[in-house]
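*Asks:* what follows is a protein structure lacking sequence information:
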């Protein structure tokens, strides 16, 4: 009775032995495979993909993911043996405290760096939390200058802050007005109520009078605002020569549409960081409302083929090619360059590499990167104008694709 | 002080968490639970015990948050004085809201609307005034140090939150077991009857709102110390008022532990729904909402209320 049982058991064990041998062989071979495929580098992508900033947050995420896809397809980080980038996605739900909580999770997930967090208020919280762990944090969009003025050594911002943007916007506005024989003198500012709109408006209010403009109205509005009739009626009564909006996408569109419906036609709508003014989405959906609107905003260098290539890729994915997409995309590429030079996924080494970065492989009109206290000193905005149903660059002159139309024609 | 042993046990049991885990996520989650538990406890002093449902606790939270930030940034005070000042400022705000509504015997939905209005007015003021930094908000300089009430690691903030939460529990249990607690219950159940028995409803409700506002102000000041940045939406936004009342309602307004349990359940639910729904954008919020609806639908007395109902059923007691 026992023999067959023993026999069968030994037969099974022989089979096990075979399987075990095969497994052992595979295990012995594994280090070779591991050498060929180095550990991926985890990158935290932290954006407000839900809540009132959801559209912009999702655009950022998509832009960053496109960059990771392209970097991986091109062979990953070469100095790390072709290590792939692995995105760790986070949602700040449009709240600073949730953003800070996501940093904790990303830290435990072992991210080498974080790219985010679109909004200034969220970026203030996430950079501070990341600093606790020495995680390098590239701010992709947040324009508040306070983000880079807190002495956080882990924080880097590739794009310009509103200090620089407001200054260049005013310089270009003055140049534009002078070239046209100074037809404009009075200005009305319409801005959203959070950090970026208010901060920008304060700078404009301070600087414009010194440059020969009279600020006749500063109108602040909430996010979201569903009706601009009162603001626009006031504009109609004041009849300013120039209206300067500084707000997020939805409010911008609504404001521009209400102005057109009410027949408010200033000599220029000249926005500073206008959420929609240089957005292909706005131009496509409301071409008549968008016509002739000028903007001083983040924009790519249209002479660079990669910028146009990314536009094609983004549009193939059904995305609008907005500033969020290309800024987040380039922020990830800046990080990849730092990883490449650091030759290590260690956080300290990446911070070092970013601080000494002189990357010129990007398609933004910034020149090689140079970080002073975490701010890329060469970063600057570009002036655009919606002309003939598309967005043209009107300043700076070295890559302007069209001449500005100012004052805008009376419809 | 029948609840004191339980509170002591809770504090002692929660104390060693930072030594048990080095996970920043866990500590952060625990800190947020304690923060919202304390805010919920503050709301419950007025909403649960006195039956005055406030939809505007952001007014007190935000006043406390801004008071300490302004004291430190504009007047150079140290953070501890700022913290004390925050509580006083929130109490003053409570006095204002309480006087304006209880003096004119506003109750129920009228009271709720008035508190909501106060919070909105505070938000708009914070959004316009120079001293609050208007829409730009206020940013405290990052400088860890005990005198500045900024801790270099998460554990410091966790323990500080634990002290606040324990303080809130002690305050609530003191009120609950005092004559004030009995009067508050009387006013809550039937204000006319309470008056007929000689309870000064106005004075009793004022005491409740002052205590409630002070505690909410302390939570606001803690938030400021934790995140170092405030804007009108963060401090006075309607989501703060909702977070304040959601915890106690989910946990159970009738109990000392309801706000704590509610805050823990809501925070964990938020995390769990995120983990379960994975990458699908916003799906976690949908899941969160559904569970919330189910809790409110099937356990109108909160989770603690459910436990009590079960116990009562088991004893064969009905109603």
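*Replies:* Nice, I can see it. For clarity, every value in this text was computed on a predicted model and none was experimentally measured.
*Asks:* let's verify the residue nearest to residue A:111 when sequence neighbours are not counted: helix, strand, or coil?
*Replies:* Ranked by Cβ to Cβ, 6 or more residues apart in numbering or on different chains and with sequence neighbours excluded, the top spatial neighbour of residue A:111 is residue A:44, at 4.0 Å. In this view, the C-beta of every residue, glycine as well, is placed from N, C-alpha and C. Under DSSP: H, G, I helix; E, B strand; the rest coil, residue A:44 falls in the strand class.
*Asks:* leaving out chain neighbours, which residue sits closest to the closest residue to chain A within the stretch 1-150 of chain B?
*Replies:* For the stretch 1-150 of chain B, the residue closest to chain A is residue B:135, as judged by Cβ to the nearest Cβ, at 3.1 Å. Excluding its sequence neighbours, the residue lying closest to residue B:135 (Cβ to Cβ, 6+ apart) is residue A:198, at 3.1 Å.
*Asks:* can you tell me how far residue B:221 is from chain A?
*Replies:* 15 Å (Cβ to the nearest Cβ, to the nearest Å).
*Asks:* same for the helix or strand containing that residue, what does it pack against?
*Replies:* Assessed by DSSP states H and E, residue B:221 sits inside helix B:201-227. Packed against helix B:201-227 by the contact rule (3 or more Cβ pairs under 8 Å, 6 or more residues apart in numbering or on different chains; DSSP states H and E) you find helix A:96-108, helix B:24-47, helix B:58-73, helix B:79-102, helix B:154-176, helix B:179-189, helix B:191-196, helix B:232-236.
*Asks:* and residue A:362, which of those helices is closest to it?
*Replies:* With Cβ to Cβ, the closest approach to residue A:362 among these belongs to helix A:96-108: 24.2 Å.
*Asks:* can you give the contact residues for that closest one?
*Replies:* Contacts to helix A:96-108, defined as Cβ atoms under 8 Å, 6 or more residues apart in numbering or on different chains, come from residues A:44, A:46, A:48, A:88, A:90-92, A:114, A:116-117, A:121-126, A:128-130, A:133, A:135, B:23-25, B:27-29, B:32, B:223, B:227, B:229, B:234.
*Asks:* ok, stretch A:164-175 next?
*Replies:* With contacts defined as Cβ under 8 Å, 6+ apart, stretch A:164-175 is touched by A:143, A:160, A:200, A:203-204, A:207-208, A:211-213, A:242, A:270, A:272-273, A:296-297, A:379-381, A:383, A:395.
*Asks:* now, the residues you listed that are in helices?
*Replies:* In helices, defined here by DSSP state H, the members of the contacts of stretch A:164-175 are A:200, A:203, A:204, A:207.
*Asks:* give me the buried entries from those.
*Replies:* For the ones in helices among the contacts of stretch A:164-175, a burial check counting by 16 or more other Cβ atoms under 10 Å in any protein chain shown picks out A:200, A:203, A:204, A:207.
*Asks:* picking up where we left off before, give me phi/psi at the residue of the stretch 1-150 of chain B closest to chain A?
*Replies:* With angles defined as degrees, to the nearest 10, residue B:135 sits at phi -70, psi -20.
*Asks:* repeat that for residue A:219.
*Replies:* Note on residue A:219: backbone dihedrals following degrees, to the nearest 10 are phi -110, psi 130.
*Asks:* look up how far chain B lies from it.
*Replies:* For residue A:219, the distance to chain B equals 12 Å [Cβ to the nearest Cβ].
*Asks:* can you count the residues close to that residue?
*Replies:* Counted with other Cβ atoms under 10 Å in any protein chain shown, residues neighbouring residue A:219 total 19.
*Asks:* OK, contacts around it?
*Replies:* A:188, A:189, A:190, A:191, A:231, A:234, A:235.
*Asks:* what do you get for residue A:40?
*Replies:* Contacts for residue A:40 (Cβ under 8 Å, 6+ apart) come out as A:83, A:84, A:85, A:86.
*Asks:* pLDDT at the first one, what is it?
*Replies:* Read it as residue A:83. Looking at residue A:83, its pLDDT is 96.
*Asks:* between the contacts of residue A:40, which has the most around it?
*Replies:* For those, the largest number of neighbours (other Cβ under 10 Å) sits with residue A:85, at 23 neighbours.
*Asks:* pLDDT weak spots in chain B?
*Replies:* For chain B, applying pLDDT under 70 flags the ranges B:1, B:278-280, B:312, B:314-319.
*Asks:* what about the residue nearest the centre of it, distance to residue B:72?
*Replies:* Residue closest to the average C-alpha location in chain B (Cα atoms, centre = their mean): residue B:39, at 1.2 Å. Note on residue B:39: its distance to residue B:72, by Cβ to Cβ, to the nearest Å, is 21 Å.
*Asks:* which other residues reach whichever strand or helix holds residue B:262?
*Replies:* In the assignment (DSSP H and E), residue B:262 maps to helix B:258-277. Helix B:258-277 is touched from outside by A:91, B:10, B:29, B:32-34, B:36-41, B:43-44, B:48, B:165, B:169, B:246-252, B:283-288, B:291-292, B:295, B:302-304, with contacts defined as Cβ under 8 Å, 6+ apart.
*Asks:* cutoff 6 Å now
*Replies:* Outside helix B:258-277, the residues within contact range by Cβ atoms under 6 Å, 6 or more residues apart in numbering or on different chains are B:32-33, B:36-37, B:40-41, B:44, B:247-248, B:250-252, B:283-284, B:287-288, B:291, B:302-304.
*Asks:* okay, helices next: where are they in the stretch 201-350 of chain A?
*Replies:* With DSSP state H, counting those that start in this stretch, the ranges of helices along the stretch 201-350 of chain A come out as A:229-238, A:249-261, A:280-285, A:287-290, A:305-316, A:323-342, A:347-355.
*Asks:* just these: most buried one?
*Replies:* Greatest average neighbour count among the helices of the stretch 201-350 of chain A goes to helix A:323-342 (a mean of 25), per mean count of other Cβ atoms under 10 Å in any protein chain shown.
*Asks:* what does the stretch 101-250 of chain A put close to chain B?
*Replies:* By Cβ under 6 Å from any Cβ of the partner chain, the residues of the stretch 101-250 of chain A that approach chain B are A:101, A:104-105, A:107-108, A:121, A:124-125, A:146, A:150, A:193-195, A:198-199.
*Asks:* contacting residues around the closest residue to chain B within chain A?
*Replies:* The minimum distance from chain A to chain B, using Cβ to the nearest Cβ, falls at residue A:198 (3.1 Å). Residues in contact with residue A:198 (Cβ under 6 Å, 6+ apart) are B:134, B:135, B:136.
*Asks:* got the phi/psi numbers for it?
*Replies:* Phi and psi for residue A:198, reported as degrees, to the nearest 10, are phi -70, psi -40.
*Asks:* just to revisit the earlier point, the residue nearest to the centre of chain B and residue B:245 touch, don't they?
*Replies:* No. Proximity of residue B:39 to residue B:245 does not meet the contact threshold set by Cβ atoms under 6 Å, at 9.4 Å.
*Asks:* so how far is whichever strand or helix holds residue A:70 off the chain centroid?
*Replies:* Secondary structure from DSSP H and E places residue A:70 in helix A:54-73. A distance of 10 Å separates the centroid of the chain from that of helix A:54-73, by Cα atoms, centre = their mean, to the nearest Å.
*Asks:* and it, what does it pack onto?
*Replies:* Packing contacts for helix A:54-73, counted by 3 or more Cβ pairs under 6 Å, 6 or more residues apart in numbering or on different chains; DSSP states H and E, involve strand A:41-47, strand A:85-91, helix A:323-342.
*Asks:* thanks again, I'm all set now.
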